[in-house]
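> Prediction below, plus the sequence it came from.
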Amino acid sequence: MTLFICFIGNLYRMTQYIIVLGAFIVSALCGFISIPAIQKYCKDKNLYDIPNQRKVHHCLVPRLGGISFLPSMVVAFIIALLLLGNQAQARKVEINLWSLYFMVSLLIIYTTGIIDDIIGLSANIKFVMQIVAASILPLAGLYINNLYGLFGFYEIPYYIGCPLTVFTIVFIDNAMNLIDGIDGLCASLSLMALTGFLFCFWREGLFIYCVLIAGLMGVLIPYLYHNIFGTTEKGNKIFMGDSGSLTLGFILGFLFVKFVMDNRQVMPFCEDRMCMAFSLIIIPVFDVVRVICYRLIHHKPIFDADKNHIHHKLMATGMNQHKALLTILGLALGFICLNFLMYNLTNITIILLADIAIYTLFNILVNLNIKKKK
């Protein structure tokens, strides 16, 4: 009897592995089919990312690659749910509830990004739409209610957690949008973070979220292929645009809040959640904080575009786009590994302060290298 139960358990887990992998593959196939079609549409409608002095590229490149992200994820998710059968029926209420709130807010962000890519929107309008979309989630009962000892704070009430949640999601969304400055950077950092969240939610037994994450990860593979290895000469290069970066940022913000929320009816309490979550998005968040501080110190408007982001600075040292990309990805991976190792030795506040010190030192060294080049 025990062997039979073990066999059933292993078969169930194997089925879950196959469904998650299937969602990834379906999404990737959707991307490989849709992205070339989007490239053709952009050429027919003359929808290009126009080069300027702030941007790295010097040729006209189609900018609507991010349109493929949400549809590919949804198609993969729906197919996975159909394969789940009775397992999905057992969680029907939960799935429908989050589909209602999450998809409405995500559609707002996705639509805002598409409109901005096609006709352009002011930074203020995009900021307002991000706040509106982020505010829907606390109304659904999803908010940060525990800081897990960060600066000595643990459980926090709704009236603090609600605005903190909106701020966090909007901040992460903008961070991913602003880090999208060189080939492959935003998508690669997102893929790395999504892989980490896939592990986190799998560990907690939240299989539905693993399917959702795998569905988004899949479409990033064909996008990265076209974005990094595509060329303007062959006509197969594409950028994600705001429809992509805003969508990725919003989903990562949602996953961050969902994972760190202390809801013991869904997940047992675990003290390492905050450390794991912020470690996965540390580079884009730190980059935005540093840029904002720089602009405030030099009395420049916060929302003005410049070439002071981490990828711009690395290229100013003499690196090309690919070397800068690998350096940033290596730095991001280093922070993840370091934080996981440090968590068993100290608390989350010390880890965050150590991360800030390391990132500051890294930027000082980069600045010194830039000065030597001048």
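Right, received. Where do you want to start? Numbers count the residues shown, from 1 in each chain.
> contacts, neighbours, all on C-alpha from now
OK.
> can you list the weak-confidence ranges in the stretch 201-350 of the chain?
303 (pLDDT under 70).
> just the helices in it please.
For the stretch 201-350 of the chain, helices defined by DSSP state H, counting those that start in this stretch occupy the ranges 207-229, 241-260, 273-280, 282-297, 310-316, 321-343, 348-373.
> if you compare those, which one is most tucked away?
Comparing those by mean neighbour count (mean count of other Cα atoms under 10 Å), helix 241-260 comes out on top with a mean of 25.
> Remind me what that one packs against, helices and strands.
Packed against helix 241-260 by the contact rule (3 or more Cα pairs under 8 Å, 6 or more residues apart in numbering; DSSP states H and E) you find helix 69-84, helix 92-118, helix 158-178, helix 185-203, helix 273-280.
> Packing partners of the longest one?
Pointing back at helix 92-118 there. Identification of packing neighbours for helix 92-118 by 3+ Cα pairs under 8 Å, 6+ apart yields helix 123-139, helix 241-260.
> 6 Å - rerun?
Under the contact definition 3 or more Cα pairs under 6 Å, 6 or more residues apart in numbering; DSSP states H and E, helix 92-118 sits against helix 241-260.
> cool, and the fourth one?
Judged by 3+ Cα pairs under 6 Å, 6+ apart, helix 185-203 is in contact with no other helix or strand.
> Recalculate using a threshold of 8 Å.
Short answer (3+ Cα pairs under 8 Å, 6+ apart): helix 185-203 packs on helix 207-229, helix 241-260, helix 273-280, helix 321-343.
> any idea of the angle that helix forms with helix 273-280?
Here helix 185-203 runs at an angle of 160 degrees relative to helix 273-280 (axes from the mean of the first three to the mean of the last three Cα atoms, to 10 degrees).
> right, so of the helices and strands packed on helix 185-203, which gets closest to A305?
helix 241-260 (14.6 Å; Cα to Cα).
> what residues are up against the residue nearest to F250 when sequence neighbours are not counted?
Ranked by Cα to Cα, 6 or more residues apart in numbering and with sequence neighbours excluded, the top spatial neighbour of F250 is D173, at 5.0 Å. By Cα atoms under 8 Å, 6 or more residues apart in numbering, the residues touching D173 are Q130, S245, L246, T247, L248, G249, F250, L252, G253.
> Nearest to I109 among the helices and strands packed on helix 185-203 would be which one?
I109 lies closest to helix 241-260 among the helices and strands packed on helix 185-203, at 6.3 Å (Cα to Cα).
> So in the protein, which strand runs the longest?
Ranked by residue count and defined by DSSP state E, the top strand of the chain is strand 146-150.
> Residues contacting the helix or strand following that strand, please?
Remark: after strand 146-150, the chain's next helix or strand is strand 153-155, criterion DSSP states H and E. With contact meaning Cα under 8 Å, 6+ apart, strand 153-155 is reached by N145, N146, L147, Y148.
> contacting residues around the first one?
For N145, the set of contacting residues under the criterion of Cα under 8 Å, 6+ apart consists of E155, I156, P157, Y158, G161, M261, D262.
> and the gap between the first one and D262?
Per Cα to Cα, to the nearest Å, E155 is found 9 Å from D262.
> Verify the contact between M342 and I351 for me.
Yes: M342 lies in contact with I351 (Cα atoms under 8 Å); the separation is 6.8 Å.
> re earlier: I'd like the helices and strands packed on helix 241-260 written out as JSON lines, with distance to M240 added.
Formatted as JSON lines, these follow (distance: least, Cα to Cα, whole Å):
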{"stretch": "helix 69-84", "distance to M240": "9"}
{"stretch": "helix 92-118", "distance to M240": "9"}
{"stretch": "helix 158-178", "distance to M240": "10"}
{"stretch": "helix 185-203", "distance to M240": "9"}
{"stretch": "helix 273-280", "distance to M240": "21"}
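> Going by mean pLDDT, which of those comes out lowest?
Among the helices and strands packed on helix 241-260, helix 92-118 carries the lowest mean pLDDT, a mean of 81.
> So for it, what gets flagged as buried?
Using 16 or more other Cα atoms under 10 Å as the test for burial, helix 92-118 gives 101-102, 105-106, 108-114, 116-118.
> that older thread, the residue nearest to F250 and S245: what is the separation?
D173 is 8 Å from S245, by Cα to Cα.
> Mind picking the two most distant members of the buried residues of helix 92-118?
So for the buried residues of helix 92-118, where distance means Cα to Cα, the most widely separated pair is Y101 and I118, at 26.3 Å.
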